[in-house]
Each structure stands twice: as structure tokens, then as C-alpha cells.
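Student: return a 3D structure for these sequence lines:
(one chain, ligands or ions: 2)
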Amino acid sequence: MNQAKRYYIATFGCQMNERDSEIMGQLLQESSYSATEVMEQADLIVVNTCSVREKAEQKAYSLLGRLKKLKEKNSALVIAVAGCVAQQDGQRLLNRIPHADLVIGPQKIYDLPTLLLGQKGCKTPEVRTGLSPAFAIPAFLPDVTSGSQFKRFVTIMQGCDNFCTYCVVPYTRGREISRTPGDIVAEVAHLAAAGITEVTLLGQNVNSYGLDKATGAETSDLTHFPDLLRAVAAVAGIQRLRFTTSHPKDLSEALMRCFAEIDTLCPHLHLPVQSGSNRLLKLMNRKYTVEDYLDKIARLRGIRPDIAITTDLIVGFPGETDEDFQATMALLEEVRYHGAFSFKYSDRPPARAIAFADKVAEEIKNDRLARLQKRQEEITLEWNRAYVGRTLAVMVEGCGRTTGEQWSGRAPTNHMVNFAGPSGLRPGQIIMVTISEGGPHSLRGSAVMA
Ligand code: 5AD
Ligand code: SF4
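Tutor: Ligands and ions are numbered 1, 2, ... in the order given. Okay, here's the model as predicted:
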């Protein structure tokens, strides 16, 4: 009897990529492949890559390089490269990784099963990397029999039209393309019917959902993001709703009001600011000022005082002076983020900043990053300690590090909470936890006994 072929998927990068990997996994299972956790045992290895920063791209290439040995041992092994590096490097990728068989851009993942059929008996690598503004994201109901049984990602749009000067995404993911509200609500209803209670709506810039400029779809049959949020929140069974990522320039009053008006919308917003210097924000083509940003934060906190705000920051953007960097440090004090992801600027061709003058020396970038991260860690810890004594609704995710009655889960603000509780809790269950300790990365507490 023929044994089912086994696949292994390695995923780098953002939640969009995680969702794309799930889709590829499902397509493979529908084509009679079965998943393996052991890469060395796979007949097909998919590397879903990210190129947002130099480091992410290096990681993907380093794994791809290591796969050469496996291919030498097993010439029947199929190696597929998907995601943003695949899109960006296309045919060129094969010069560097000649042992790759398939190179698939983000809009082509649905072709994976057909491409695999084409690989049978043929050893010519295939490159599929088209990006079309007319691409329609297929309606695709997720497999609910495997994967998380309580929380899922739902992609609502792909691509980005903003062209921030440091960013490669508009080139790797193409123009903004929104899914129809009907497809999105049907997907969420399908998840809810299977018992999933938390969904995170995904897009590079969810605030401009439904405004696809490239397709000219302009609101006629597409809803704006706040309407979409309401439609998704109305699906019976959805207890927690989240979304990511937002662009500050598109954060509208209507969206802010959703945080007060939609009970199930979790009080957490990831709002990447990138820099605290107006001069750099302009060079980055961000289209807002620090003052606009602070005004939005203040209004948001007025609407939803318990909201946790997180951000992304770049240090060492070309031309960043000590003064610019000090302005970013001052912004940390002003906003007091619950958490921040911070990165050293890296050139990402063909993003425009590669040609900008006054590149910042590596030692200066390292020093600024260390200072920024140190201060942010202190602020995060101060916030985490401020939750001590409060009782939070925690969605159980699993058992904690120690066995017995130690559990872990997430608060509505997305804080990880480790807690002592009764035995027999199920993942996805919501339980009240009183916080007794705030650590650098998580909160600790005990379940409130009925
Ligand atoms: N260099 C450093 N960081 C970058 N990011 C995006 N492009 C670059 C780059 N060229 C960061 C931004 C973005 C996050 C996903 O990655 O902070 O919000
Ligand atoms: Fe990485 Fe951006 Fe591509 Fe996501 S969209 S995989 S973050 S480059």
C-alpha cells in the first residue's frame, strides 16, 4: 500500500504568514499529504519566508541552505519556497538555492497542489510569483478538525498601498486587496460553529479595509473596517475579537468608537509608530506627525481607558540623529506603551530608503536599540506590576511550565497570565484570575474560586 506523503512547513515572519501556512497545510491534506513534525522524515518541505528585515531573510536562506544535505540524501524530496523572499527573489532564488523545486509568491499559494502534480517525474524547478491587483482571495473554509480549537486568524485583506520608505511589503505582497465581507463572515461563522471563540482579523493595514484603490472597488460592495468588525462581532459564539495591524494615519474616530461599543472587541491595539521624530516620520513617508499620533492615543484612552497599546519602532533609519533618537525616547515616556517591538533599520531593496544618505553606523544602531529596549522593558514591567490586585478574565490556553494545577492563558489586553487554578480546565475556557505578580513578560495569579 502506498504510504501518504508527508509534509513539513517551516514558517517565518508575521501572522499573515502563519495563516498562509495553515492554508497550505490544509490544501496538502486535501491532496492526501499528511503532516509530520520531523523535517527529516518529510517528502515535501515548504519554507514560508519573510523578508521584512534583513535578519528574517537571512534566517530563511540559512534554513534553505541546510536543506541541501537532505536533498542529497533523498533526491525525491520536494523543496518549496513560499512567502515574501520567494516573491522578492523569484528566479534569482534558484541561483542561490539550486536544490529548491518550487518558488511560490503569496498570491500563488492556492496553486501548490497543482504545482506539486506538475513536479511528478519532472525535475525542472518552477517559479510562480505573479502579483495581480485583480487577484481575488479565494473563499476558503478553514479545517477545524486540526489546529487550535478555540482561537484562529482570519485574513481580511492582503497587500499594502502605503509605501513607507523602509518597507518591502508593498513589493512582496502587492496592492491592497480586501476579501468580501460575505466571505469573511462566512469563514468566522464556520469557525464559531466548530466552537472557536476568539478570532483575530488580519491584514497589513486593516484600517483601510474595503478601500482598495488598485481595483477601484471603493466601498461600492465592500464595507469599511468598523462595519466589518460589527458584522463579525454579530456572529454568535465569538467571545473575543482582535485585529492587527493598524496604520495610525487611518485610525478613524469610527474605529476608535468600536472599542467602546463592541463588547467582544478586546482592549488591545497594536499601533506601530516607528519613530518619535517628525523629521524621520516624513522621511519614512508615514503621513502623520507625532502630535497627530498622540492625539489619537489620548482619544482612544478616553474612549477605552483600559486599552493596552503596543507598537513597533525602528532605530537607525538613514539620517537619524541623536536628537531624533531622543525624540523617540521621549515618545516612550509620553505614551508609556504596554510593549514594543523594536528593530535596527536594515536596507530592504527595492524600498526607497536604500538610496537615502547618512546611513547610521552599526555600533550606533546597537547602542540606540539597547537603550530603547532597556527603557521599554522598565515601562512594561511597571505596567505589569500595576495589574497586581486586579481580577482579569483569562482565556485558558494550556498547562503552565509546571504540572498540576498551573495554567496559562491570555487576558483581554493580550497579556500572558500564568495562574494556579482547579484541575480539568479546558483550552478556550474563560476564567477569572486575580493577579498577584507582574513580571517582565507575563502576569501571575490565582483563579477566583466560585
Ligand atoms: N528595517 C527595520 N525594521 C523594519 N520594519 C519594517 N521594515 C524594516 C526595515 N527595513 C519593522 C517595522 C514594522 C515591522 C513589522 O518591522 O517596525 O512595523
Ligand atoms: Fe514578513 Fe511582511 Fe511578508 Fe509578513 S508581509 S512575511 S512581515 S515581509
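
Student: so residue 171, which of the three states?
Tutor: Three states are possible here, and by DSSP: H, G, I helix; E, B strand; the rest coil the one that applies to residue 171 is helix.

Student: gap between it and ligand 1?
Tutor: Per C-beta to the nearest ligand atom, to the nearest Å, residue 171 is found 12 Å from ligand 1. (C-beta placed from N, C-alpha, C; glycine too.)

Student: and that residue, how many neighbours does it have?
Tutor: 18 (other C-beta atoms under 10 Å).

Student: what residues are up against it?
Tutor: Residue 171 sits next to 87-88, 350-351 when contact means C-beta atoms under 8 Å, 6 or more residues apart in numbering.

Student: do that again at 7 Å, thanks
Tutor: Contacts of residue 171 were listed using C-beta atoms under 7 Å, 6 or more residues apart in numbering, and they are 88, 350.

Student: per-residue confidence for the closest residue to ligand 2 within the stretch 101-250 of the chain?
Tutor: Nearest residue of the stretch 101-250 of the chain to ligand 2: residue 169, at 4.6 Å (C-beta to the nearest ligand atom). On pLDDT, residue 169 comes in at 95.

Student: what sits against the closest residue to it other than its chain neighbours?
Tutor: Once flanking residues are discounted, residue 169 sits nearest to residue 160: 4.8 Å by C-beta to C-beta, 6 or more residues apart in numbering. When contacts are counted by C-beta under 7 Å, 6+ apart, residue 160 touches 169-170, 173, 176, 204-205.

Student: what is the nearest of those residues to ligand 1?
Tutor: In terms of C-beta to the nearest ligand atom, no member of the contacts of residue 160 lies closer to ligand 1 than residue 169, at 7.6 Å.

Student: could you pull out the helices in this protein for me?
Tutor: In the chain, the helices defined using DSSP state H lie at 15-30, 54-73, 83-96, 112-119, 169-173, 181-193, 225-233, 253-261, 278-283, 290-303, 322-335, 362-386.

Student: any weak-confidence spans in the stretch 1-150 of the chain?
Tutor: Within the stretch 1-150 of the chain, the ranges that satisfy pLDDT under 70 run 1-2, 121-122.

Student: how about residue 341, what does it touch?
Tutor: By C-beta under 7 Å, 6+ apart, residue 341 lies in contact with residue 312.

Student: got a winner among the contacts of residue 160 for most neighbours?
Tutor: Most crowded among those, counting by other C-beta under 10 Å, is residue 176 at 25 neighbours.

Student: thought that one was touching residue 209?
Tutor: No - contact criterion C-beta atoms under 7 Å: residue 176 and residue 209 do not qualify, at 8.4 Å.

Student: can you check which residues contact both of the two?
Tutor: Joint contacts of residue 176 and residue 209 (C-beta under 7 Å, 6+ apart) are residue 157.

Student: which of the residues in stretch 425-433 are buried?
Tutor: 425, 427-431, 433 (16 or more other C-beta atoms under 10 Å).

Student: which outside residues touch that stretch?
Tutor: Outside stretch 425-433, the residues that touch it by C-beta under 7 Å, 6+ apart are 149-150, 197, 239, 391-398, 407, 417, 419, 421, 445-448.
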